[in-house]
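Engineer: heads up, no residue letters with this:
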């Protein structure tokens, strides 16, 4: 039995992952903003205590915050990067653990996005952070990954379109369950 932790559990992809993970062979823990708000000063202490308590085998970080160029710098950067950074910090102090850490990025990480520069920049930084963590922990049983799913039919996508006053012309956005199942299969969850 694996202990699986889903961060950002109220998001659409997180809900789909929870729905599709085999609960018979796994114990799933879900953390939402009401449990740990990463914008608060005590979030590091709360997260570290929780990680120590449950000793997860898999962590899926689904936390993401979107806004346009009018958005708040600190809110966007801290929401999209701080939880991943705290996971690195925790496992630097707990190198004997065996864990897969999977961060959900964005298809915008490697493409210019003129209408939401900061969001795309933080997703690019997340990819670099995870690649660096993978190198840092090479040879240990702590494995960092990032996956950048394509556009999804989600509330976040609806928010993007609404904020930018756009209609959804992209008929290629993928079903959340399909993406969740691909993640579960790829990482053998």
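Structural biologist: Cool, the structure landed. Every value quoted in this text rests on a predicted model; they were computed, and no experiment measured them.
Engineer: can you list the weak-confidence ranges in this protein?
Structural biologist: Low-confidence segments of the chain, defined by pLDDT under 70: 151-174.
Engineer: which residue ranges form the helices in it?
Structural biologist: Assigned by DSSP state H, the helices in the chain fall at 12-20, 43-54, 73-93, 117-136, 155-163, 176-186.
Engineer: and for the longest one, what are the contacting residues?
Structural biologist: Think helix 73-93. Residues from elsewhere that reach helix 73-93 (Cβ atoms under 8 Å, 6 or more residues apart in numbering): 7-8, 38-39, 43-44, 47-48, 51, 59, 61, 63-67, 97, 99, 101, 103, 118-119, 122-123, 125-126, 129-130, 133, 136-137, 142, 144. From N, CA and C alone the C-beta is placed, and that goes for glycine too.
Engineer: Please, a ChimeraX command that selects the buried ones among the residues you listed?
Structural biologist: Here is the ChimeraX selection string for the buried members of these, based on 16 or more other Cβ atoms under 10 Å:
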select :7,8,38,43,44,47,48,51,59,61,63,64,65,66,67,97,99,101,103,118,119,122,123,125,126,129,130,133,137,142,144
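Engineer: closest one to residue 148 among the helices of the chain?
Structural biologist: Nearest of the helices of the chain to residue 148, taken as Cβ to Cβ: helix 117-136 at 7.1 Å.
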